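# Task: produce atomic coordinates for the following.
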Amino acid sequence: MFDKKTKEIILEIIQAYDRGENIVSLAKDKLAIDDKNSLLPILLSYDLQAGSYNKNKNSSMGLFYDEYGHQLAEIINTYSSSSHNSILEVGCGECTSLSSILKYLKDTELDIFGFDLSWSRIFEGKKILNDNHKKNLFVADLFSIPLQDNSMNVVYSSHSLEPNGGMEEDAIRELIRVSSDKVILIEPIYELANDKQKKRMTKHGYVKNLKSVCESFEVNILKYDLLPIYSNPLNQSGVIVIEKKDSKNRNNNSNPWQCPATGLGLERYNDVFFNNKIGFAYPVLKDIPLLRSEHLIIASKINEAVNK
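The predicted structure follows:
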């Protein structure tokens, strides 16, 4: 399945992890950008470190996470309509931001959605979330979100678009598609950054021109600024609040899921999401749906199986 080079890199990453080394940097250094198998070692290095953010949250960084979450919640409270009842975090990781945000949201009856590329990060995140909100956490790809058009009132990111330099337009288009009202980007903003941050963002291939990319869509920019609370002085957070000009009422379909490969609707039955018309299925592991296109299972008899 994998070529010899990729297998060797995977083994090297595991050995480096056992030695306590920076395995994300190792994975990126070892792989060419155009390597078709490059994503797997990077995902592995990211996944192996699951739990590290929440360890920090329980340390001296706990106060920062609380203040950062409060800051984001106030933005959401300010720009969300009074009728909003769903919110999606893009790239929720271990829910370090989400768990703090939920403490300060005015609406306590929200349906909370969040996804990440890493199953293990979400598994860790579920441990720290309380039961005050209905939560739907799942594995998915930023560029193919398995949710229907206009299905989420508010979609927001917190430094999850950051590493996707060169793919800004595709990422923002997908967030706007899923949102029925507002998109809130909490990301480093190159055009507002100082020279040191700009140099660092360029070195790491971070996103640029977010505001101009947003303006290429049918949206209004309601806020564009730097934020006062951030963890790294070389990576200050900024905020862009987007309102869709053709803002629509939320798609009130109680089942918002769609197949990331086809865009057709998905239903859940126990530990599987499926579309019975085309026989596509996606597994659920420990109550965490795996909804990337790569997780697709061809199962033409799935309808017969779930109805037994």
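
# drop to CA atoms for contacts and neighbour counts, all remaining ones
Will do.

# Ser80 is in contact with Ile184, isn't it?
No - the pair Ser80 and Ile184 fails to qualify as a contact (Cα atoms under 8 Å) at a distance of 9.9 Å.

# Give me the contacts around stretch 273-287.
By Cα atoms under 8 Å, 6 or more residues apart in numbering, the surrounding residues in contact with stretch 273-287 are 259, 264-268, 271-272, 289-291, 295-303.

# And stretch 294-308, by the same measure?
By Cα under 8 Å, 6+ apart, stretch 294-308 touches 269, 274, 276, 278-283.

# Now, the contacts of stretch 273-287 that are in helices?
Taking DSSP state H as the definition of helices, the contacts of stretch 273-287 contribute 302-303.

# Of the contacts of stretch 273-287, which qualify as buried by neighbour count?
259, 264-268, 272, 289-291, 295-296, 299, 302-303 (16 or more other Cα atoms under 10 Å).

# Could you single out the nearest of those to Gly62?
Gly62 has its nearest neighbour among those in Pro289, at 28.9 Å by Cα to Cα.

# Can you name the residues that contact the closest one?
137-139, 271-273, 282-283.

# ok, back up a step: most neighbours among the contacts of stretch 294-308, which one?
Compared across the contacts of stretch 294-308, Phe274 has the highest neighbour count, 28 neighbours, by other Cα atoms under 10 Å.

# so who does the residue positioned nearest the centre of the chain touch?
By Cα atoms, centre = their mean, the mean C-alpha position of the chain lies nearest to Gly91, the distance being 1.8 Å. Counting by Cα under 8 Å, 6+ apart, Gly91 touches 114-117, 142, 157-158, 160.

# and if you look at Lys245?
Here Lys245 is in contact with 218-220 (Cα under 8 Å, 6+ apart).

# about what we covered before: closest to Ile240 among the contacts of Gly91?
Relative to Ile240, the closest of these is Ser157; by Cα to Cα it sits at 10.2 Å.

# could you check the distance from that closest one over to Ile176?
Remark: distance between Ser157 and Ile176 (Cα to Cα, to the nearest Å) = 12 Å.

# Looking at these two, which one has more neighbours?
Counted by other Cα under 10 Å, Ser157 and Ile176 do not tie: Ile176 has more neighbours, with 24 against 20.

# Can you tell me the SS state at that one?
helix (DSSP: H, G, I helix; E, B strand; the rest coil).

# thinking it is in contact with Val183, fair?
Yes - contact criterion Cα under 8 Å: Ile176 and Val183 qualify, at 6.6 Å.

# how much space is there between Val207 and Asn164?
6 Å.

# what is in contact with these two at once?
By Cα under 8 Å, 6+ apart, no residue touches both Val207 and Asn164.

# More neighbours: those two, which one.
Val207 (21 against 16).

# Who are the contact partners of the more buried one?
Contacts of Val207 by Cα under 8 Å, 6+ apart are 161-168, 188-190, 201.

# What count of nearby residues applies to the closest residue to it other than its chain neighbours?
Counting by Cα to Cα, 6 or more residues apart in numbering, the nearest residue to Val207 once its immediate chain neighbours are dropped is Gly165, at 4.0 Å. Residues lying near Gly165 (other Cα under 10 Å) number 16.

# what about the helices in this structure?
Under DSSP H, the chain gives helices at 4-18, 23-30, 39-48, 52-57, 62-79, 96-104, 119-126, 168-178, 195-204, 210-215, 302-306.

# closest to Asn150 out of these?
Nearest of the helices of the chain (Cα to Cα): helix 168-178, 4.8 Å.

# tell me what that closest one is packed against?
Packing contacts for helix 168-178, counted by 3 or more Cα pairs under 8 Å, 6 or more residues apart in numbering; DSSP states H and E, involve strand 152-158, strand 179-187, helix 210-215.

# If you count neighbours, what's buried in the second one?
It stands for strand 179-187. Neighbour counts over strand 179-187 (16+ other Cα under 10 Å) mark 179-187 as buried.

# on that earlier part again, residues bridging contact with Ser80 and Ile184, i.e. touching both?
Taking Cα under 8 Å, 6+ apart as the criterion, Ser80 and Ile184 both touch Val154.

# could I get the contacts of Val207 as CSV with pLDDT?
Below are those laid out as CSV (pLDDT from 0 to 100):
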residue, pLDDT
Leu161, 95
Glu162, 93
Pro163, 89
Asn164, 91
Gly165, 91
Gly166, 93
Met167, 94
Glu168, 97
Pro188, 97
Ile189, 98
Tyr190, 97
Met201, 94
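
# Which of these are buried, as a ChimeraX select command?
To isolate the buried ones among those in ChimeraX, judged by 16+ other Cα under 10 Å, type:
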select :161,162,164,165,168,188,189,190,201
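
# for the contacts of Val207, which one is nearest His70?
Of all these, Pro188 has the smallest distance to His70: 18.2 Å, by Cα to Cα.
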